[in-house]
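*Asks:* here are the coordinates; sequence isn't available:
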């Protein structure tokens, strides 16, 4: 069903793509080495061979992640709400001479995919564009294979709606309550797209807070086990107060997770055949925090 949330997100991302926003530009200068580096696979401890693996780039159109995975030999599918974004995935695939399957749709409805379809689901920043993350997690758990992993990047809910413009001389002041589905909005950063080349005024994003407890418990309920966690920030001590870089050092705006799907594992069920190796990988991945 194309509800108001779907229609808003579709219209906004079509406008962003047509304005050549930063996240909508295909990557056309990758090779196998730079593709792994761009995805951050080594940084997150993912050393698995991806050749022949079935990978879904979820809400990930634009010809960036899909191109990188295809260059690494994976069987890549992309689901995105924007037709224009998907056209860029096809253009990037043609540029590299690889195949990518594209599907237009809503991350809350993955009925176009059969059960146990994917070894990897790669989900960049978009979770907060829908009110209830648990709907997405339920869909992801159905289509991911046992032992597969779900990469998720999302907003840090503690700082929802906060940005560098909230600097008051001594700090960044929180304005929104910390609860699920708080609707927030904020101006796009200047670097997102060139206003002078934008054909229309683009509506500011609408994002819905997903508390950390909802995210964590929602995924645990769907039989996911956490293998990696990171808070993403700029790490540039030279940035001045009130700048974007300084803000991200004070209040890291993004989380990054790797979750492994082990159906019935928490209740003592049979482990997937590759569970032992993946658990070992998970333990290595989180070692910097231990």
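*Replies:* Arrived safely, thanks for sending. Here the structure is a predicted model, which is why all the values come from computation and not from measurement.

*Asks:* just the strands in this structure please.
*Replies:* Listed in chain order, the strands of the chain (DSSP state E) span residues 54-58, 75-80, 100-104, 118-123, 144-155, 183-184, 207-208, 224-232, 254-261.

*Asks:* give me every residue that touches residue 207.
*Replies:* With C-beta atoms under 8 Å, 6 or more residues apart in numbering as the criterion, the residues that contact residue 207 are 128-129, 155, 160-161, 183-185. C-betas here are computed from N, CA, C, even on glycine.

*Asks:* highest neighbour count among those?
*Replies:* Neighbour counts for those were taken using other C-beta atoms under 10 Å; the highest belongs to residue 160, which has 24 neighbours.

*Asks:* show me what contacts the closest residue to that one other than its chain neighbours?
*Replies:* Spatial nearest neighbour of residue 160, excluding adjacent residues (C-beta to C-beta, 6 or more residues apart in numbering): residue 209 at 4.6 Å. Residues in contact with residue 209, defined by C-beta under 8 Å, 6+ apart, are 128, 155, 157, 160, 176, 178-182, 184.

*Asks:* re the thing from before, can the strands of the chain go into TSV with extra columns for distance to residue 48?
*Replies:* Output for the strands of the chain, formatted as TSV (distance: least, C-beta to C-beta, whole Å):
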stretch	distance to residue 48
strand 54-58	11
strand 75-80	14
strand 100-104	20
strand 118-123	9
strand 144-155	9
strand 183-184	36
strand 207-208	32
strand 224-232	12
strand 254-261	11
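
*Asks:* dump the residue contacts of the nearest residue to residue 60 once chain neighbours are set aside.
*Replies:* Nearest residue to residue 60, sequence neighbours excluded (C-beta to C-beta, 6+ apart): residue 124, at 5.3 Å. For residue 124, the contacting residues are 59-60, 65, 153, by C-beta under 8 Å, 6+ apart.

*Asks:* again, but for residue 50
*Replies:* Under the criterion of C-beta under 8 Å, 6+ apart, the contact list for residue 50 reads 69, 72-74, 120.

*Asks:* any regions of the stretch 151-290 of the chain where pLDDT drops low?
*Replies:* Within the stretch 151-290 of the chain, the stretches falling below the threshold (pLDDT under 70) are 191, 197-200, 266-290.

*Asks:* can you show me the helices along it?
*Replies:* All helices of the stretch 151-290 of the chain, identified by DSSP state H, counting those that start in this stretch, fall at 212-221, 244-250, 275-285.

*Asks:* relative to the whole chain's centre, how far out is the shortest one?
*Replies:* The chain centroid and the centroid of helix 244-250 are separated by 21 Å, computed with C-alpha atoms, centre = their mean, to the nearest Å.

*Asks:* how about stretch 100-116?
*Replies:* Going by C-alpha atoms, centre = their mean, the spacing between the C-alpha centre of stretch 100-116 and its chain's C-alpha centre is 15 Å.

*Asks:* just the buried residues of it, please?
*Replies:* By neighbour count on 16 or more other C-beta atoms under 10 Å, the buried set for stretch 100-116 is 100, 102, 105-108, 110, 113.

*Asks:* which of the contacts of residue 50 lies closest to residue 148?
*Replies:* Proximity of the contacts of residue 50 to residue 148, judged by C-beta to C-beta, is greatest for residue 120, which lies at 6.0 Å.

*Asks:* what's the burial count for the residue nearest to the closest one when sequence neighbours are not counted?
*Replies:* Distances taken as C-beta to C-beta, 6+ apart place residue 55 nearest to residue 120, at 4.5 Å, with adjacent residues excluded. The criterion is other C-beta under 10 Å. On that basis, residue 55 has 24 neighbouring residues.

*Asks:* how about residue 55, what does it touch?
*Replies:* Listed by C-beta under 8 Å, 6+ apart, the contact partners of residue 55 are 69, 74-77, 118-122.

*Asks:* ok, those vs residue 139, which is closest?
*Replies:* residue 121 (9.7 Å).

*Asks:* pairing partners for that closest one in the sheet, please.
*Replies:* The residues listed as beta-bridge partners of residue 121 by DSSP bridges are residue 56, residue 150.

*Asks:* lovely, talk soon.
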